[in-house]
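Visitor: Pasted the sequence and its predicted model underneath.
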Amino acid sequence: MASPSPQAGVNVTIDVPGLDEVRERFKQLPNRLAAKHMAAGLRRAAEQGGTLQALRTNTPRGPTGNLRRAIAVKSKTYTRGERGGVGIAIIGYRAGRRMNEPFDDKKLGYHQGLLEFGTKERFRKTANGLRVSTGKMPTGGSYNRPPIRTAWEQTRGRVEALMVREMSDAVEAAGRELAGQVRASQRAG
């Protein structure tokens, strides 16, 4: 049996007091509405919690500046399937583009994994057949400080507190939107 492939990011699972009640309130809403407002609340908490600024501070400035320029927040909604009605927010680096997409200098964070996780020692063979080490990249690069993990550790307390508040506000906003939709359908019907 093949072993599972490693993930390409820093996976953070948190247990925030008060978030379970908010999650249960989201489950009572229609999937599309819950996902939309959950993603918006998480994005606001991520942006206002200071993690984005901490990531900008902790990302080293390389010779091109591509990695620092690639920092972004992304939110995504999942409305179908077993876990429908879920929204997520991700802070990290943009990388990659589609084949026919125009060049964007903000999507050049390809080397984010090298900096965050480092590499193993690599070797090459010389012309006369000797094996020579080309070195390894330490975790966190030359600063020995992985930027994403460091930024999260610096801002975790603020983000957790903001998350409960923003998610509660998002549930209330979703409830108001649902009530407006119900009123509109009653007037039309």
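Guide: Yes, it's here.
Visitor: Over to Gly62. Which of the three states is it?
Guide: Of the three states, Gly62 takes coil under DSSP: H, G, I helix; E, B strand; the rest coil.
Visitor: Can you give me the neighbour number for it?
Guide: Neighbourhood size, Gly62 [other C-beta atoms under 10 Å]: 13. The C-beta positions use only the backbone N, C-alpha and C, and glycine is treated the same way.
Visitor: and it, what is it in contact with?
Guide: Residues near Gly62 by C-beta atoms under 8 Å, 6 or more residues apart in numbering: Arg68.
Visitor: Tell me the spacing between it and Leu108.
Guide: Distance, Gly62 to Leu108, using C-beta to C-beta, to the nearest Å: 11 Å.
Visitor: Spell out the residue ranges of the helices in this structure.
Guide: For the chain, the helices defined by DSSP state H cover 19-27, 31-48, 51-58, 66-69, 112-117, 147-188.
Visitor: Give me the phi and psi angles of the residue in the chain sticking out farthest from the centre.
Guide: Within the chain, the residue lying farthest from the chain centre (C-alpha atoms, centre = their mean) is Asn128, at 46.9 Å. Asn128 adopts backbone torsions of phi -90, psi 10, taken as degrees, to the nearest 10.
Visitor: Right, I'll call it a day here.
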